[in-house]
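S.K.: everything below, folded, please.
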Amino acid sequence: MKSVKKSITMRKSNNFFIMILALSLLLCAAAAYYYFNIYSKKYNPPPMETASVEGVPEIANEDWGYSPFGIDPEFRLKVCGEPEIDGNDVNIYLTSMNTNKVIMRCVLVSEDEPEKVLAESGTIKPGTYLKSIKLKEDLKSGSHGAILKVVAYDPETYFSKGTANLKIVLNKS
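M.R.: Got it, this is the predicted structure:
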């Protein structure tokens, strides 16, 4: 009778040990997944735009609707509301005012399909402008509705400082 009780006790002890071991392995696997897939991934900030130019552009064409927008005292910009498409370039003249304390970039998306990115830029510094951004695909002639998403970042940490969405009309002749 004692040997039966002893073997039942040993089985319970072995089952308990196996459960603790399995739980420990599961915890190690979860920790490894977290480290390699979440914690260790480094943030890659958006690249600086190499085509940006110091100063404020001279816009000769009044039809392009080059206007200022004040999102915040630290986030002010000028951009064309009806930019012309020249080949594969959209002449948006995105201008970051020299009083800004943020860097900014833009993403141009289709108004009909907001998940479809038409073009995007690198970041530009205060006191610079970007004449044009390159389209990812060719657009047909005529007018096309689009949304210009302008994203502002803290220049040191790249934390978001806000986003402005502007409805614009792209004109291709």
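
S.K.: any weak-confidence spans in the chain?
M.R.: 1-12, 39-42, 60-61 (pLDDT under 70).

S.K.: what about the strands in it?
M.R.: 53-54, 66-72, 75-80, 84-86, 89-90, 94-96, 103-110, 117-120, 128-130, 133-134, 142-153, 160-172 (DSSP state E).

S.K.: could I get those strands as a markdown table with mean neighbour count and distance to L26?
M.R.: All C-beta atoms are positioned from the backbone trio N, CA, C, and that covers glycine. Converted to a markdown table, those look like this (neighbours: other C-beta atoms under 10 Å; distance: least, C-beta to C-beta, whole Å):
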| stretch | mean neighbour count | distance to L26 |
| --- | --- | --- |
| strand 53-54 | 11 | 56 |
| strand 66-72 | 14 | 47 |
| strand 75-80 | 22 | 47 |
| strand 84-86 | 16 | 56 |
| strand 89-90 | 22 | 52 |
| strand 94-96 | 27 | 50 |
| strand 103-110 | 22 | 41 |
| strand 117-120 | 18 | 40 |
| strand 128-130 | 23 | 51 |
| strand 133-134 | 19 | 48 |
| strand 142-153 | 18 | 39 |
| strand 160-172 | 16 | 36 |
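
S.K.: of all the ones you listed, which one is nearest P47?
M.R.: Nearest to P47 among those is strand 103-110; the distance by C-beta to C-beta comes to 9.0 Å.

S.K.: who's in contact with that closest one?
M.R.: For strand 103-110, the external contacting residues (C-beta atoms under 8 Å, 6 or more residues apart in numbering) are 46, 49, 75, 77, 79, 90, 92, 94, 96, 115-126, 130, 133, 144-153, 155.
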